[in-house]
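> what shape does this take:
(one chain, ligands or ions: 1)
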Amino acid sequence: MKKIIFASNNQGKIREVKDMLADPDVEVLSMKEAGIDMDIEENGTTFQQNALIKARAVYNVTHELTIADDSGLEIDWMNGEPGVYSARFMGHDTSYDIKNAAILEKMKNVRGADRSARFVCAMAAILPDGREITTRGTMEGVIADRIEGSNGFGYDPILYLPEFGKTSAQLTEDEKNRISHRGKALRELVRELRLLCV
Ligand code: IMP
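Model (predicted):
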């Protein structure tokens, strides 16, 4: 059985990645399940840099196939913020009810297409021999007028997807995995790993 370590302890992401990689020949372990307890400083300025920082830190301990992602919400009207600071925006321990309400308040006078935003995900894989691969996926939408939906996590209740007529938090887990930034980046990563026969 192939073992993949997913360098994250974010329960929402771990669930999504395990669902998407569901394969009897693949065992996906979170950092905790792999017995790795470390704080990794995400001091990159891009999603791709941060994904590589996380994957390299875990790979350096395990030397097993390691994947990591870095993701966040880019709001055009806020010059791409919170971006790579999405988890830290307004403080790590501030609830998403408060963060989401603050963003809606900030944008209360912004209309239509000016509310454009997207989730972005960069994925990085370090192969057992040290080779590195990165991919990127996005999910485009607009900042919703109100908080809606209770599925998912984080900023899902405020990213409205015009194509679907609902927020990301109103998608089922399967629907989200099919169209999400993380789903796209992960499927591309798996495709590239297969091309390398990993
Ligand atoms: P990371 O763990 O440093 O990649 O932080 C990602 C942060 O971006 C999360 O804690 C969320 O705030 C936000 N984020 C990333 N992907 C999603 C998503 O699919 N839904 C909602 N929020 C997300």
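
> and for the closest residue to the ligand within the chain, the neighbour number?
Closest to the ligand within the chain is Gly154: 2.6 Å, counting by CB to the nearest ligand atom. Using the backbone N, CA and C atoms, a C-beta is placed for each residue, glycine as well. Using other CB atoms under 10 Å, Gly154 has 21 other residues around it.

> again, but for Glu175
Neighbour tally, Glu175, other CB under 10 Å: 15.

> same thing with Ile143?
Around Ile143 there are 24 residues (other CB under 10 Å).

> where do the strands sit along the chain?
2-6, 26-30, 66-75, 81-82, 116-126, 132-143, 159-161, 166-167 (DSSP state E).

> name the stretch among those strands that sits most buried.
strand 66-75 (a mean of 26; mean count of other CB atoms under 10 Å).

> does the ligand have contacts with it?
Yes. Strand 66-75 reaches the ligand (CB under 6 Å from any ligand atom) through Asp70, Ser71, Gly72, Leu73.

> now do that strand and strand 116-126, the angle between them.
170 degrees (axes from the mean of the first three to the mean of the last three CA atoms, to 10 degrees).

> got the angle for strand 66-75 vs strand 132-143?
30 degrees.

> for strand 66-75, name the packing helices and strands.
Strand 66-75 sits against strand 2-6, helix 11-20, helix 47-62, strand 81-82, strand 116-126, helix 181-195, with contacts defined as 3 or more CB pairs under 8 Å, 6 or more residues apart in numbering; DSSP states H and E.

> again, only using 6 Å
With contacts defined as 3 or more CB pairs under 6 Å, 6 or more residues apart in numbering; DSSP states H and E, strand 66-75 has these neighbours: helix 47-62, strand 116-126.
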